[in-house]
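> I'd like to go over a predicted model; first the sequence, then the structure.
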Amino acid sequence: MVMHSSSALSEMIRLCKRNNVLTIADEVMTGFFRTGKFFASDYLENKADIFCLSKGITGGAMAMGVTSCTSTVFDAFASSDKTKTFYHGHSYTANPLACAAALANLELLDKKETTKNITRICKRNIEFVLKIAGMKQISHARCFGTIMAIEIKTREKPTYTSSIRDKAYTYFIHRGILIRPLGNVIYIMPPYCITDADLNFIYKTIVAFLKTLK
C-alpha cells in the first residue's frame, strides 16, 4: 500500500519511453475509480504501454482479466508472418458470462449514484485519516480515493508475516468485518454501495483495535 506521487510516476514513464523501455500499468486494484478517477493512470501526463485490468471490471461478480496496449505494441504482433504471432489464450478466454457481468457492472459504474457514492467514500476516508493521524499506535495513515491504509507501529521488522497481522485479522473477523492486513498495514477498499453506517462501524472498530495495542 505504498502510494507514489503522480508526478514521479509520470516522469519515470517519460524516461522509459525516451529509452524505448516498455512500461506496464497494473490497474487490477486501482482501476474503475478506486483512486477517485476511472484509472490511476488518469492522474499521469505520460501513460504506460500496457494496461492490466481485472477485479473492478466485473465488480467482483465473476473472474475476468483484460490486457490492453498501445498501437505500437499491438502492431508488433499484427502480421501475416506467423512467427510474429503472440500465441496466447486461456480455456475461458472471452467467457460470455464474465463479459455479460462486466457490461452490467460498467453500466452501474456509469450511474450518477455510483459517482456520488465514490465521492462520499473518498471524503469520509480523508476525514477519518485526519482524525486518527495523531494516535500513538500509528506510524503513518494515508488514503487515495476509496483506498485507505493505516501503518501500525511495531517493534518487528515490517513484513507480510508480522504477528500484528493475525491479531488484527482475528479482531476484525470476530466483529463481522473481513479485512486482509498486509503485515502491520491495515487497509480498506469498501464497495461503492457501502453505507455511512457501515463505514462508521468500520472506522469505530479500527479505533477500538488500535487502542488495544500498547
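It's in.
> Share the number of residues neighbouring R165, please.
R165: 20 surrounding residues under other C-beta atoms under 10 Å. No exception for glycine: its C-beta is placed from N, CA and C like everyone else's.
> quick one, phi psi at it?
Per-residue torsions, R165: phi -60, psi -50 (degrees, to the nearest 10).
> bridging residues for I24?
Beta-bridge partners recorded for I24 (DSSP bridges): I50.
> Am I right that it is in contact with L53?
No. Using C-beta atoms under 8 Å, I24 is not in contact with L53; the gap is 11.6 Å.
> Tell me which of these two has more neighbours.
Taking other C-beta under 10 Å, I24 and L53 do not tie; L53 has more neighbours (20 against 12).
> buried ones in the top helix by length along the chain?
The residue-count maximum for a helix in the chain (DSSP state H) belongs to helix 112-132. Within helix 112-132, the residues scored as buried using 16 or more other C-beta atoms under 10 Å are 117-118, 120-122, 124-125, 128-129.
> mind putting the residues you listed in CSV, distance to I202 included?
As requested, the buried residues of helix 112-132 are exported to CSV (distance: C-beta to C-beta, whole Å):
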residue, distance to I202
N117, 15
I118, 17
R120, 14
I121, 11
C122, 15
R124, 10
N125, 10
F128, 9
V129, 13
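> With respect to V28, which of those is nearest?
I118 (18.0 Å; C-beta to C-beta).
> who touches that closest one in this structure?
For I118, the contact set (C-beta atoms under 8 Å, 6 or more residues apart in numbering) comprises 33, 36, 145-146, 192.
> Might you report the residue contacts of the residue nearest to E11 when sequence neighbours are not counted?
Computed as C-beta to C-beta, 6 or more residues apart in numbering, the closest residue to E11 that is not its neighbour in sequence is N46, at 7.6 Å. With contact set as C-beta under 8 Å, 6+ apart, N46 has these partners: 10-11, 13-14, 17.
> how does it look with 7 Å?
N46 sits next to 10, 13-14, 17 when contact means C-beta atoms under 7 Å, 6 or more residues apart in numbering.
> and the residues you listed, which two are the farthest apart?
Across those (C-beta to C-beta), the longest gap, 10.7 Å, separates S10 and K17.
> for stretch 117-128, what is the average pLDDT?
Averaging pLDDT along stretch 117-128 gives 97.
> Any idea how far apart the tips of stretch 156-176 sit?
Taking C-alpha to C-alpha, to the nearest Å, the first and last residues of stretch 156-176 lie 28 Å apart.
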